[in-house]
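>>> Quick one: sequence and predicted model below, then my questions.
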Number of protein chains: 2
Amino acid sequence: MLEAVERQIEQFVKSLNEKDIQRAIAKIPAGKRLRAKLMLEIAGTSPSVIKSAAIVEMIHAASLLHDDVIDDAYTRRGVASINAIYGNKSAIMIGDILYSKAFYELVDIDRFVAKVISNAVVQLSIGERKDVYMGEKFNSSRDDYITMIYQKTAALIEAAAESAAILAGKNREIYRVYGKNLGIAFQMIDDILDVISDSKTLGKPALNDYKEGKTTLPYIYLYEVLSENEKQKLLAMHKKELKPQEQAWILEQMKKHNIIQKCKDEALALVNKAVELMQRAGEKGLEQIAIKMVDRSF
Amino acid sequence: MLEAVERQIEQFVKSLNEKDIQRAIAKIPAGKRLRAKLMLEIAGTSPSVIKSAAIVEMIHAASLLHDDVIDDAYTRRGVASINAIYGNKSAIMIGDILYSKAFYELVDIDRFVAKVISNAVVQLSIGERKDVYMGEKFNSSRDDYITMIYQKTAALIEAAAESAAILAGKNREIYRVYGKNLGIAFQMIDDILDVISDSKTLGKPALNDYKEGKTTLPYIYLYEVLSENEKQKLLAMHKKELKPQEQAWILEQMKKHNIIQKCKDEALALVNKAVELMQRAGEKGLEQIAIKMVDRSF
């Protein structure tokens, strides 16, 4: 039924009555549509659910367009990003068009849903800015990291699940927490993969986050256990192009201190909580989505 | 009573609970607040009018932040623009935060108002993109120019006036047309000033639009009356750094063919229609806003 969401997005875009904008938007890769999948699984496929899912996916696409400009990212999932193809300015403008059209359509949806989704967009805008500013120096605070990835990534997944629950007349709090846990775990896993994957699998250089200044969870935990001398060594590599022996040293230290397992366990704990919530709610499909998210990654 | 709108904007921004975002937004110049002025004049100063006016001004501010990035504009009204001070990325991110917060607050306002304002944001995003793409080659179509400035500039002024009328229980169509005419005239006048002002008054080089590729109304009308040879000469100067003698030639041709007067007359005709509508509605204040807009410019 994701096909219905794709058709709804196409119809929203078509109703702008601008052929070349339609063509440009058609070239944006659809991605996994995780948010839409969750919504349909929670709330079925009534027209208002399909519309809301299309709106959330348009918002997600818009945020990725702006993120790639802000992060100077020229690939996404191994293929050229929109800003790489059309330039940064086009990516900003297409992002603004998608955002505003999504909000325009959101006004016709249930008011509580509109409030939940628009709040998530505020959070993700703030989160993206934090991600950039936190990258200016080494961040050793786990709390700041968790808050930032919650805002940047989890807030919209949380809002998708909560919105769908509202539309379906289900207990919104349970689904909200499910979405929040899943969203935080999702970003943690993404950040772990940057450390443990090679560049071929990832479509970008491994350890790229640290080079970009992003102190993700593995680096925060590694920093905590290193000696004073080693801490200084790690800090000296922050936001720099890493030599092969420097990369090797980081990976070696992570292995020695069992950092990746610690991070995986933390992500898994969140996923398990999400799974338990859905077990109790008798939501087999949502359980599976959570389990698959982890299985596919590790 | 514009002070109440300023305080409302501050309060919206403060409720984001992000001190440094608050500081960054506080540094954005307030501008003339034309849209808020119109709204208060139409609908008074009830809390929902103040909130709606604050939302519209936040949207306008967000759009200017993105426009300055897209247009590589490093000054605005003679002072350094936000992207010039904080960089393009900050301007994009602060713009996204302002947009999303404005939409979040818009959900609590009357649904018709939310629809009118969010539609205007779609139009202005499309208009900004057209402005950029139309600048790639010489545009000789007056209709395309009018459509573009309507979307880029007039749509939000139109929406401000129409929204205020809805909130005040006045005839929304009359105020919508007033706002639309005022908005189109406003952009026409801005484009005329780029031709007739010197760089000191304007805070940017005169004839800057043509250098940037923007074929505004004076150039469209000039092109229409030039001989075939002169047309080619004008086209050859498009999107180029102009030599003083080239600038002089353009200004001379404009004078010879009475182009500026023709453009002024067209803007004035729109303003007069707006004034007449307000005379019939007994809206002295709105009449004056329209008249002053022209008087201050020419």
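Alright, I've got the coordinates.
>>> Would you point out which residue is most central in chain A?
A:Thr153 (3.8 Å; Cα atoms, centre = their mean).
>>> Tell me which residues touch the closest residue to it other than its chain neighbours, please.
Counting by Cβ to Cβ, 6 or more residues apart in numbering or on different chains, A:Gln187 is the residue found nearest to A:Thr153 once chain neighbours are left out, at 4.0 Å. Yep, even glycine has a C-beta here, placed from its N, CA and C like the rest. Applying Cβ atoms under 8 Å, 6 or more residues apart in numbering or on different chains, we find A:Gln187 in contact with A:Ile149, A:Lys152, A:Thr153, A:Ala154.
>>> Quick check: of the residues you listed, which has the highest neighbour count?
Neighbour counts for those, by other Cβ atoms under 10 Å in any protein chain shown, peak at A:Ala154, which reaches 26 neighbours.
>>> Just say helix, strand or coil for that residue.
Following DSSP: H, G, I helix; E, B strand; the rest coil, we place A:Ala154 in the helix state.
>>> Pull up the gap between A:His238 and A:Glu136, please.
Computed as Cβ to Cβ, to the nearest Å, the A:His238 to A:Glu136 distance reads 10 Å.
>>> what distance separates the start and the end of stretch A:80-97?
End-to-end distance of stretch A:80-97 (Cα to Cα, to the nearest Å): 21 Å.
>>> returning to that earlier point: quick check on the residue nearest to A:Thr153: phi, psi?
Main-chain dihedrals, A:Gln187, degrees, to the nearest 10: phi -70, psi -40.
>>> can I assume the residue nearest to the centre of chain A is in contact with A:Lys180?
No - A:Thr153 is beyond contact range of A:Lys180, at 10.4 Å (criterion: Cβ atoms under 8 Å).
>>> roughly how far is stretch A:51-64 from the heart of the chain?
When C-alpha coordinates are averaged (Cα atoms, centre = their mean, to the nearest Å), stretch A:51-64 and its chain have centres 12 Å apart.
>>> swap that for stretch A:82-90, sorry
Computed by Cα atoms, centre = their mean, the chain-centroid distance of stretch A:82-90 equals 21 Å.
>>> next one: stretch A:281-292
19 Å.
>>> Now do the buried residues in that stretch.
A:Ala281, A:Glu283, A:Leu286, A:Glu287, A:Ile289, A:Ala290 (16 or more other Cβ atoms under 10 Å in any protein chain shown).
>>> Kindly export it (C-alpha atoms) in CSV.
What follows is stretch A:281-292 as a C-alpha-only set of coordinates in CSV (Å, rounded to 0.1, in the frame of the first residue of the first chain):
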residue,chain,number,x,y,z
ALA,A,281,-0.6,-3.9,22.1
GLY,A,282,-0.8,-7.0,19.8
GLU,A,283,0.9,-5.2,16.9
LYS,A,284,2.8,-8.0,15.1
GLY,A,285,3.6,-5.9,12.1
LEU,A,286,5.1,-3.1,14.1
GLU,A,287,7.1,-5.5,16.1
GLN,A,288,8.6,-6.9,12.9
ILE,A,289,9.5,-3.4,11.6
ALA,A,290,11.5,-2.8,14.7
ILE,A,291,13.2,-6.1,14.6
LYS,A,292,14.0,-5.9,10.9
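>>> distance of A:Asn83 from chain B?
11 Å (Cβ to the nearest Cβ, to the nearest Å).
>>> Same check on A:Asp72?
Counting by Cβ to the nearest Cβ, the gap from A:Asp72 to chain B is 9 Å.
>>> Can you report how many residues neighbour that residue?
Neighbours of A:Asp72 under the rule other Cβ under 10 Å: 11.
>>> Near chain B, which residues of the stretch 51-200 of chain A? Just list them.
A:66, A:69-70, A:89-90, A:92-94, A:96-97, A:99-101, A:103-104, A:106-108, A:111, A:114-115, A:118-119, A:121-122, A:124-126, A:128-129, A:132-133 (Cβ under 8 Å from any Cβ of the partner chain).
>>> among the residues you listed, which are in helices?
Among these, the residues falling in helices (DSSP state H) are A:66, A:69-70, A:89-90, A:92-94, A:96-97, A:99-101, A:103-104, A:106, A:111, A:114-115, A:118-119, A:121-122, A:124-126, A:128-129, A:132-133.
>>> So for A:His238 and A:Glu136, which residue has more residues nearby?
For A:His238 versus A:Glu136, neighbours defined as other Cβ under 10 Å are more numerous around A:His238 (18 against 9).
>>> Just confirm A:Met188 contacts A:Leu217, I think it does.
Yes - A:Met188 is in contact with A:Leu217 according to Cβ under 8 Å; the separation is 5.8 Å.
>>> Which neighbours do these two have in common?
With Cβ under 8 Å, 6+ apart as the test, A:Met188 and A:Leu217 both reach A:Cys263, A:Glu266.
>>> quick one, which of the two is more surrounded?
Using other Cβ under 10 Å as the criterion, A:Met188 and A:Leu217 rank with A:Met188 on top: 25 against 22.
>>> mind showing which ranges of chain A have poor pLDDT?
A:199-205 (pLDDT under 70).
>>> the residue most distant from the middle of chain A, which is it?
In chain A, by Cα atoms, centre = their mean, A:Asn229 is the one farthest from centre (34.5 Å).
>>> Would you verify that it is located in a helix?
Yes - assigned with three-state DSSP, A:Asn229 falls within a helix.
>>> before we move on, back to that, could you redo the buried residues of stretch A:281-292 as JSON lines and give each row distance to chain B?
What follows is the buried residues of stretch A:281-292, written out as JSON lines (distance: Cβ to the nearest Cβ, whole Å):
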{"residue": "A:Ala281", "distance to chain B": "28"}
{"residue": "A:Glu283", "distance to chain B": "28"}
{"residue": "A:Leu286", "distance to chain B": "27"}
{"residue": "A:Glu287", "distance to chain B": "32"}
{"residue": "A:Ile289", "distance to chain B": "27"}
{"residue": "A:Ala290", "distance to chain B": "28"}
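>>> which one of the residues you listed is nearest A:Lys27?
Of all the buried residues of stretch A:281-292, A:Lys27 sits closest to A:Ile289, with 27.6 Å by Cβ to Cβ.
>>> mind checking how far A:Lys170 is from A:Arg176?
For A:Lys170, the distance to A:Arg176 - Cβ to Cβ - is 11 Å.
>>> now the helices for the stretch 101-250 of chain A?
Using DSSP state H, counting those that start in this stretch, the helices found in the stretch 101-250 of chain A span residues A:111-134, A:142-149, A:155-168, A:172-196, A:199-202, A:208-211, A:217-225, A:228-237, A:244-256.
>>> Looking at the ones you listed, which is nearest to A:Glu18?
Of those, nearest to A:Glu18 by Cβ to Cβ is helix A:111-134, at 22.7 Å.
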